[in-house]
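>>> With the input below, show me the fold.
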Amino acid sequence: MITKQTPWGPAQHSYEIAPGITSHVTASHGGFELSMDRWRDLTAAFHVEPWAGIPWLEEDCDASLAVIRWPHLFSPEAVFCAVRQVQSMTDKKWLPANEWLHEPYKQGPLFMGETARATARLFQRDHAGQWERGSLSTRGNGWIVDFTCGTYTQTITLREYPSKTWYTTEELTALAVDGLQCSTPNCAFAGH
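The predicted structure is shown next:
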């Protein structure tokens, strides 16, 4: 078996998302590898300065460009996260992608920015009032997890590994080791 070499080391897992878009996972990191046809299509939409070099897109930064460019190939959650990331980037190298994302709707294969934004808006609407799982670590009595809902952030100890990304307040109350504690006066937790 031949192992694919990536900028992040040898691939442990690889799978094709769509023709010309392959996801690679390594022991330390990962991302997407694009065919040259996909690469030309991506750079026809907006300028790209990839962290790992052509034709690689780093999983926690550049890969979001492929997701906004071809939103129909990814889950609504992936599109939501990619749109949020591109919109939050302040480095000037992200400006072309951000401008492309906000162009008025146009016909044709290069103009998927409105599709990406609409998908992200629907996902956000469907998850309004839910808590998004953030970073996590373990301690003797469970998993220490940061959750965010709107402008609120809570660190909660859970009995079990959080298998989902989005939770209702009721779900977190049932999973929390010590119940939920609210550190803000306007907290959305029940009873606070």
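>>> Verify the contact between Val145 and Thr153 for me.
No: counting by C-beta atoms under 8 Å, Val145 does not reach Thr153; the two are 11.0 Å apart. Yep, even glycine has a C-beta here, placed from its N, CA and C like the rest.
>>> what is in contact with the two at once?
Listed as contacting both Val145 and Thr153 by C-beta atoms under 8 Å, 6 or more residues apart in numbering are Gly134.
>>> Please identify which of these two sits among more neighbours.
Set side by side, Val145 and Thr153 show more neighbours around Val145, with 22 against 14, by other C-beta atoms under 10 Å.
>>> Please enumerate the strands of this structure.
Using DSSP state E, the strands of the chain run over 5-6, 9-18, 21-26, 30-34, 56-58, 131-139, 142-149, 152-158, 166-167.
>>> if you compare those, which one is most tucked away?
Comparing the strands of the chain by mean neighbour count (mean count of other C-beta atoms under 10 Å), strand 30-34 comes out on top with a mean of 24.
>>> neighbouring contacts of it?
Here strand 30-34 makes contact (C-beta under 8 Å, 6+ apart) with 6-8, 11, 17, 20-24, 42, 52, 55-59, 62-63, 66.
>>> And stretch 64-81, by the same measure?
For stretch 64-81, the external contacting residues (C-beta under 8 Å, 6+ apart) are 17-18, 21, 32, 34, 38, 41-42, 45-46, 48, 57, 82-83, 85-86, 97, 101, 112-113, 115-116, 119-120, 122-124, 165.
>>> Pull out the buried residues from the residues you listed.
Taking 16 or more other C-beta atoms under 10 Å as the criterion, what is buried in these is 21, 32, 34, 38, 41-42, 45-46, 48, 57, 82-83, 85-86, 97, 101, 112-113, 116, 119-120, 123.
>>> From Glu132, how far out is Ala52?
Distance, Ala52 to Glu132, by C-beta to C-beta, to the nearest Å: 27 Å.
>>> same check, this time on Ile54
Applying C-beta to C-beta, the value for Ile54 to Glu132 is 33 Å.
>>> Next: Gly140.
Applying C-beta to C-beta to Gly140 and Glu132 gives a distance of 26 Å.
>>> Show me the residue at the heart of the chain, geometrically.
Centrality entry for the chain: nearest residue to the mean C-alpha point is Cys81, 3.6 Å, by C-alpha atoms, centre = their mean.
>>> So it versus Gly142, what's the distance?
In this structure, Cys81 and Gly142 are 26 Å apart, going by C-beta to C-beta.
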